[in-house]
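J.: Show me how the following folds:
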Amino acid sequence: MTIPIVLLIITSALSMNLLLQCGLGIQGITAIGSLNKKTVFIKLGIVFFAIIILWVIFAKIISLMITGVFLYVMLFPISIIVHDGLEFLVSLYLQKKLTKECPVSFSYGITPAALFICLNIANNFIEVVFLSFGFTVGTLLVFFILEEISRRAALEAVPRFLRGKPLTIISMGLLSLIFSTASILLFRMITEAG
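T.: This is a model prediction of the structure:
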């Protein structure tokens, strides 16, 4: 392999600033303290498999028929169809609605953005699996950090105008800055190593 796997995992995990930059699920993220953890893990599992399936579709099938900018134009609608289709199949299997238990939707930002990164960085299937794992772990890390921030904000004296959603959005912005910086540094290391 040309790119060290550890760097792939760390870079993709830190790239989860996409959570904020892609305008992803702000309404659901702000309700972080009340989310069912089991449902969050199920939804993140769907993201993991959706990215892998989508990479296979784009890298092996669609890229043979479509090239250039139109390939990236197709990225968003096909990502949503595949992700939401997997979510529908899983909710049929579990016989419950996942969106009611976890209002955060990953299909509108994380899945297409992660697929875009995978299409541009990954050289083979194993690298895609590790990148996808890093994306899901990074998202889970953001969830845990935001949940801890909201838990501590409930216990500590926080100004009234910062309680709840404003504090969560400010925290997401700061996490985005930290993750962006670390991700850019590691991405440069990957491109120099590759």
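J.: what's the spacing between the spatially most central residue of the chain and residue 148?
T.: A centroid search over the chain (Cα atoms, centre = their mean) returns residue 110, at 3.8 Å, as the residue closest to the centre. Using Cβ to Cβ, to the nearest Å, we find residue 110 at a distance of 21 Å from residue 148. All C-beta atoms are positioned from the backbone trio N, CA, C, and that covers glycine.
J.: Name the residues of stretch 175-184 that are buried.
T.: Residues of stretch 175-184 classed as buried by neighbour count (16 or more other Cβ atoms under 10 Å): 175-176, 179-180, 182-183.
J.: Specify the local secondary structure of the residue in the chain sticking out farthest from the centre.
T.: Distance to the chain centre peaks in the chain at residue 157, reaching 31.7 Å (criterion: Cα atoms, centre = their mean). Put simply, residue 157 is coil when judged by DSSP: H, G, I helix; E, B strand; the rest coil.
J.: quick one, phi psi at it?
T.: Note on residue 157: backbone dihedrals following degrees, to the nearest 10 are phi -80, psi 100.
J.: where does it land on pLDDT?
T.: With respect to pLDDT, residue 157 scores 82.
J.: repeat for the one 4 residues further on
T.: What the model reports as pLDDT for residue 161 is 80.
J.: Look up how far residue 167 lies from it.
T.: From residue 161 to residue 167 the distance is 10 Å (Cβ to Cβ).
J.: and what of residue 45?
T.: Applying Cβ to Cβ, the value for residue 45 to residue 167 is 29 Å.
J.: the more surrounded of the two?
T.: Using other Cβ atoms under 10 Å, the more surrounded residue of residue 45 and residue 167 is residue 167, with 19 against 13.
J.: pretty sure the more buried one contacts residue 150?
T.: Yes - with contact defined as Cβ atoms under 8 Å, residue 167 counts as touching residue 150 (7.4 Å).
J.: and residue 163, how many neighbours?
T.: By other Cβ under 10 Å, neighbour count at residue 163 equals 13.
J.: check contacts around it.
T.: Residues in contact with residue 163 (Cβ atoms under 8 Å, 6 or more residues apart in numbering) are residue 153.
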